[in-house]
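[1] Let's see this in three dimensions:
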Amino acid sequence: MSKGRVLMAMSGGIDSTMASLILHESGYEVIGLTMKTWDYASSGGNKKETGCCSLDAINDARKLAVDCGFPHTILDIRDEFGDYIVDNFINEYIAGRTPNPCVLCNTHIKWEALLKRADMLDCKFIATGHYAQVRYENSRYIVSKGLDSNKDQSYVLWGVKQECLARTIFPMGGYHKEDIKKMAISRGYKELATKSESYEICFIPDNDYRSFLKRRVSDLESKVAGGNFISTKGEVLGKHEGYPFYTIGQRKIGISLGSKPTYVVGINPKDNTVVVGSKEDLKMQTMYVRSINYVKYPKIEDGTNLLVKIRYKHPGEIATIFNVKNNLKVIFHNKVSGIAPGQSAAFYEENDLVAGGFIMKN
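    Residues are numbered from 1 along each chain as shown. Have a look, this model is predicted:
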């Protein structure tokens with residue numbers, strides 16, 4: 001007997017492909033869905049079309065569905081993706097922040113699109129190839145880290161709402177990546193198991209966000225060029241190319257502070273300045289986080305100690321959390337380097353994702 005009908009988000013990559021097979025072999029009635037989020041031709045980059053929206057990826061997803069005998073469809077969401085994700089990406093850089101498009105896409109585009117189509121197809125569940133786990137406990141749907149700590153993707157899922165998690169399955173959560181590759185090879189998908197994976201932002205396949213901004217925003221260079229590099233004491237040190245082309249923690253910036261390595265430690269759009277300093281200047285003890293989505297608990301009590309990650313590969317640092325109006329104040333027990341406004345902060349209690357939000361400028 002079928003465990004229920006599940007709409008599987010299939011990118012054509014190894015993770016979503018094997019997730020589809022795992023569900024299919026476990027007794028679920030699988031319907032494959034590949035979302036076309038972006039048209040590479042419109043990005044203007046010079047890299048060959050690859051990744052989740054390429055024709056090859058779509059064909060790979062369809063082939064797997066045909067091989068297994070379950071239906072597959074393509075959903076074109078380029079308009080809504082471009083209007084929301086790409087516009088936000090550009091606006092964040094213009095505001096002097098570092099955007100987090102994958103989190104926004106998961107929260108506002110992919111899950112919404114999946115649930116809408118799942119309802120149309122009478123699917124009880126939706127599934128993705130993320131390395132994460134979800135369970136129901138104390139009247140909450142709780143996301144926890146995937147078994148493979150090197151591939152864990154819970155960090156990018158902090159924005160997924162409870163009503164979405166209630167219907168979500170993460171087949172990859174209980175596996176290590178190497179086991180998934182072996183599984184793919186054993187089932188005749190050796191080419192998929194050895195194919196290189198893309199880690200670039202999907203709409204910037206050449207990984208050159210500066211050129212992307214220049215192509216998308218008319219006269220951007222002339223509007224922002226010629227501002228000052230300044231020290232942490234306010235001293236003018238030279239001219240920069242435009243503040244949107246720099247990110248917190250960036251090193252190669254064409255200016256030096258003597259023998260010590262020089263980093264971007266602040267970005268000020270209002271006066272078109274980029275603050276530079278030493279590695280020590282990058283370290284901060286306090287940050288504020290907005291747009292909180294609570295996952296494990298309905299709220300975080302003042303004085304709670306949690307592990308806080310400030311970027312995907314950040315191992316996390318213990319901090320004490322306080323509520324300040326609708327935001328959270330985070331006081332790290334040890335200073336943290338490279339806190340970038342616009343990036344995500346994810347809060348953990350052991351392996352469980354407690355909450356997340358966007359880092360604010362102090």
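[2] now the helices for the stretch 51-200 of the chain?
    Using DSSP state H, counting those that start in this stretch, the helices of the stretch 51-200 of the chain run over 55-68, 78-81, 87-94, 101-104, 111-120, 162-165, 177-186, 190-194.
[3] and if you look at the stretch 201-350 of the chain?
    Ranges of helices in the stretch 201-350 of the chain, per DSSP H, counting those that start in this stretch, are 209-216, 220-224.
[4] In a markdown table: the helices of the stretch 51-200 of the chain, plus mean pLDDT, distance to G258 and mean neighbour count.
    Backbone N, C-alpha and C define where each C-beta goes, glycine included. Formatted as a markdown table, those follow (pLDDT from 0 to 100; distance: least, Cβ to Cβ, whole Å; neighbours: other Cβ atoms under 10 Å):
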| stretch | mean pLDDT | distance to G258 | mean neighbour count |
| --- | --- | --- | --- |
| helix 55-68 | 82 | 48 | 18 |
| helix 78-81 | 85 | 45 | 16 |
| helix 87-94 | 95 | 30 | 18 |
| helix 101-104 | 90 | 37 | 20 |
| helix 111-120 | 92 | 49 | 17 |
| helix 162-165 | 96 | 51 | 16 |
| helix 177-186 | 95 | 43 | 16 |
| helix 190-194 | 85 | 47 | 14 |
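[5] Tabulate those (a markdown table), appending distance to A19.
    Listed next are these as a markdown table, based on distance: least, Cβ to Cβ, whole Å:
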| stretch | distance to A19 |
| --- | --- |
| helix 55-68 | 10 |
| helix 78-81 | 22 |
| helix 87-94 | 27 |
| helix 101-104 | 18 |
| helix 111-120 | 13 |
| helix 162-165 | 17 |
| helix 177-186 | 9 |
| helix 190-194 | 13 |
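[6] Nearest approach to G342 belongs to which of these?
    helix 87-94 (5.0 Å; Cβ to Cβ).
[7] Determine how far the closest one lies from the middle of the whole chain.
    Helix 87-94 has its C-alpha centroid displaced from the chain centroid by 15 Å (Cα atoms, centre = their mean, to the nearest Å).
[8] Tell me who's in contact with Q153.
    Shown in contact with Q153 (Cβ atoms under 8 Å, 6 or more residues apart in numbering): H130, Y131, A132, G146.
[9] so where's the chain uncertain?
    1, 40-54, 198-199 (pLDDT under 70).
[10] From Y209, how far out is the most centrally placed residue in the chain?
    In the chain, the centroid-proximal residue (Cα atoms, centre = their mean) is C102; its distance is 3.2 Å. For C102, the distance to Y209 equals 14 Å [Cβ to Cβ, to the nearest Å].
[11] helix/strand/coil for V30?
    strand (DSSP: H, G, I helix; E, B strand; the rest coil).
[12] Can you tell me how far it is from S2?
    10 Å.
[13] If you count surrounding residues, which of those two has more?
    Taking other Cβ atoms under 10 Å, V30 and S2 do not tie; V30 has more neighbours (28 against 10).
[14] Touching, that one and S20? I think so.
    Yes - between V30 and S20 there is a contact under Cβ atoms under 8 Å: 5.8 Å.
[15] so what sits against both of these two?
    Common contacts of V30 and S20, defined by Cβ under 8 Å, 6+ apart, comprise M8, A65, C68, F70.
[16] Go through these and name the one nearest K161.
    Nearest to K161 among these, counting by Cβ to Cβ, is M8 at 20.0 Å.
[17] Give me the residues contacting the host helix or strand of the closest one.
    Assigned by DSSP states H and E, M8 falls within strand 5-9. Residues outside strand 5-9 that contact it (Cβ under 8 Å, 6+ apart) are 16, 19-20, 23, 28-35, 110, 114, 117-118, 121-129, 169.
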